[in-house]
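S.K.: starting from these lines, generate the structure:
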Amino acid sequence: MPDQENAAVDNGLLRFLTCGSVDDGKSTLIGRLLYDTKAILADALNAIERTSKRRGLTAIDLSLLTDGLQAEREQGITIDVAYRYFSTGTRKYIIADAPGHEQYTRNMVTAASNADLALILIDARKGLLSQTRRHAFLSRLMRIPHLVVTINKMDLVAYSQDVFEAIMRETLEFAARIGVEEIRFLPISALNGDMLVERGTHMDWYKGPTLLEILENAEVSATEHAAPFRFPVQYVCRPRDATRPELHDYRGFMGRIESGRVAVGDAVTLLPSGKESKIRDIRVLENSLPSAAAGQSVTLLIDDEIDISRGDMIVKTSELPKVARQIDAMLCWFSETPLDPRRKYLIHHTTRDARAILSGIDARIDIDTMRHEYAETLRMNDIAQVGFKLAQPLFVDAYADNRATGAFIVIDESTNNTVGAGMIV
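M.R.: Below you'll find the model as predicted:
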């Protein structure tokens, strides 16, 4: 048997995003993290060294590791979500670098949808800004389990403990107003690497863990595994092969298990018909499995001949979702064209589409004051409590209970553009 003490430790995959106001140092933080963990390939390092020299810089500009678009490099800002992958000896990571500009809030929502942890950066010289509040509120709204506020550029305020603690108090006050229950604070200098991988020598007054220690030990609860079984049907497989007559009666339902677990023999209900059956087989390619869980793409076979098509959902009979023709949600509006209460929109939920019309805007939320305000329409980056009436039923859970079946996007049918994203309450 292998030596237990020498066996490799695997803390699983952690998805996290960096967010905050523009020029708070998000891209530099990620670049420094990749650099100090030796996760940069030699050719990538050589490329950013050459670019840094062309800019007349004396040191490597580590932000170039994530600011991959040419337009971003020319402007010195991040305008899209940049994803990076790296691993240490104990954990694999997917990093999303969300843009700081307010007009790109929609990109931040996209990055937050699957994140396990959010790093909210604050410039130590500026303190808590409006866009930082917006990102903190969205992180809470998107139910990201762990929030870590990293107060960056401590080198520009002489590594002052007083500055750190003043920003921490202000942020805690705002966090309490938006209902954040778990939040950690960390003073860093992304440029110099203090408190990222190594502690550095400038902040002996800070006794907590470094950023990498926080990331390495962050618990990722498998909530999608514990949630009720949800299987949106993507495709109905009816193979036609004259040489294999055993396939003539084959009818498999293909898709991704969004949450929960399923096993052969489980009693299931097919929505929207409400008919019941049992799982006869679970297949991945040519292999049969006794069970499967959230995240797996599988083909399900059931005992009975029931008409099922794309957009239907298979659930356990004992764990039924809500079949809704009206939904109430928190909506983030993405489009430069304001929301038109008289228009019909398309709501895309799991693999199902439903035409919808706004039933009302309950309140628009002012991110700075957290006041709920009256509104007749929504403009780009507005966040509001709204209701939609649906032409076809959707099979939904509250977003707080299930991210996959509690979320939807709003599509403008005339342009096919995604104009909003919602979380069902």
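S.K.: walk me through the domains of the chain.
M.R.: 4-221, 225-316, 322-424 (automatic domain parsing).
S.K.: any chance of these in TSV, plus mean neighbour count and mean pLDDT?
M.R.: Just so you know, the C-beta spots here come from the backbone N, C-alpha and C atoms, and that holds for glycine as well. Putting those into TSV (neighbours: other C-beta atoms under 10 Å; pLDDT from 0 to 100) gives the following:
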stretch	mean neighbour count	mean pLDDT
domain 4-221	18	82
domain 225-316	16	90
domain 322-424	18	94
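S.K.: contacts for the top helix by length along the chain, please.
M.R.: For the chain, the helix reaching the highest residue count under DSSP state H is reported as helix 161-178. Where contact means C-beta atoms under 8 Å, 6 or more residues apart in numbering, the residues beyond helix 161-178 that reach it are 122, 124, 127-128, 133, 136-137, 140, 147, 149, 151, 154, 157, 183, 185, 187, 203, 205-206, 370.
S.K.: now the helices: where do they sit in the stretch 1-150 of the chain?
M.R.: Along the stretch 1-150 of the chain, counting by DSSP state H, counting those that start in this stretch, helices occupy 26-36, 42-54, 70-75, 105-112, 130-141.
S.K.: no no, the stretch 201-350 of the chain
M.R.: Counting by DSSP H, counting those that start in this stretch, the helices of the stretch 201-350 of the chain are 211-217, 223-226.
S.K.: got CSV for the ones you listed, with distance to residue 344 too?
M.R.: Putting these into CSV (distance: least, C-beta to C-beta, whole Å) gives the following:
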stretch, distance to residue 344
helix 211-217, 44
helix 223-226, 32
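S.K.: of all those helices, which one is nearest residue 179?
M.R.: Judged by C-beta to C-beta, the one of the helices of the stretch 201-350 of the chain that comes nearest to residue 179 is helix 223-226, at 18.3 Å.
S.K.: rewinding a little: and the next element down the chain from the longest helix of the chain?
M.R.: Once the chain leaves helix 161-178, the next helix or strand it forms, by DSSP states H and E, is strand 183-187.
S.K.: so what are the sheet partners of that next one and their directions?
M.R.: The sheet places strand 183-187 alongside strand 146-152 (parallel), with pairing taken from DSSP bridges.
S.K.: angle of the partner strand against helix 26-36?
M.R.: Angle of strand 146-152 versus helix 26-36, following axes from the mean of the first three to the mean of the last three C-alpha atoms, to 10 degrees, is 100 degrees.
S.K.: now do strand 146-152 against helix 161-178, angle only.
M.R.: Comparing the axes of strand 146-152 and helix 161-178 via the same axes, to 10 degrees yields an angle of 150 degrees.
S.K.: tell me the angle of strand 146-152 relative to helix 130-141?
M.R.: Computed with the same axes, to 10 degrees, the direction of strand 146-152 lies at 160 degrees from that of helix 130-141.
S.K.: give me the contact list for strand 146-152.
M.R.: Taking C-beta under 8 Å, 6+ apart as the criterion, the residues outside strand 146-152 that touch it are 24-25, 29, 116-124, 136, 139-140, 163-164, 167-168, 171, 175, 180, 182-190, 211, 214, 218.
S.K.: what ranges do the strands span in the stretch 251-400 of the chain?
M.R.: Remark: strands assigned in the stretch 251-400 of the chain by DSSP state E, counting those that start in this stretch are 252-256, 261-263, 267-271, 275-284, 287-289, 291-293, 297-302, 313-316, 322-333, 344-349, 352-365, 372-373, 383-396.
S.K.: got the CA positions of stretch 176-185 in PDB?
M.R.: Coordinates of the C-alpha atoms in stretch 176-185 are reproduced here as PDB (Å, rounded to 0.1, in the frame of the first residue of the first chain):
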ATOM      1  CA  ALA A 176     -24.200  43.900   6.800                       C
ATOM      2  CA  ARG A 177     -26.700  46.000   4.800                       C
ATOM      3  CA  ILE A 178     -26.700  43.600   1.900                       C
ATOM      4  CA  GLY A 179     -26.900  40.500   4.000                       C
ATOM      5  CA  VAL A 180     -23.400  39.100   3.600                       C
ATOM      6  CA  GLU A 181     -22.700  36.600   6.400                       C
ATOM      7  CA  GLU A 182     -19.200  35.400   5.600                       C
ATOM      8  CA  ILE A 183     -16.400  37.800   4.500                       C
ATOM      9  CA  ARG A 184     -12.600  37.800   5.000                       C
ATOM     10  CA  PHE A 185     -10.100  40.700   4.600                       C
END
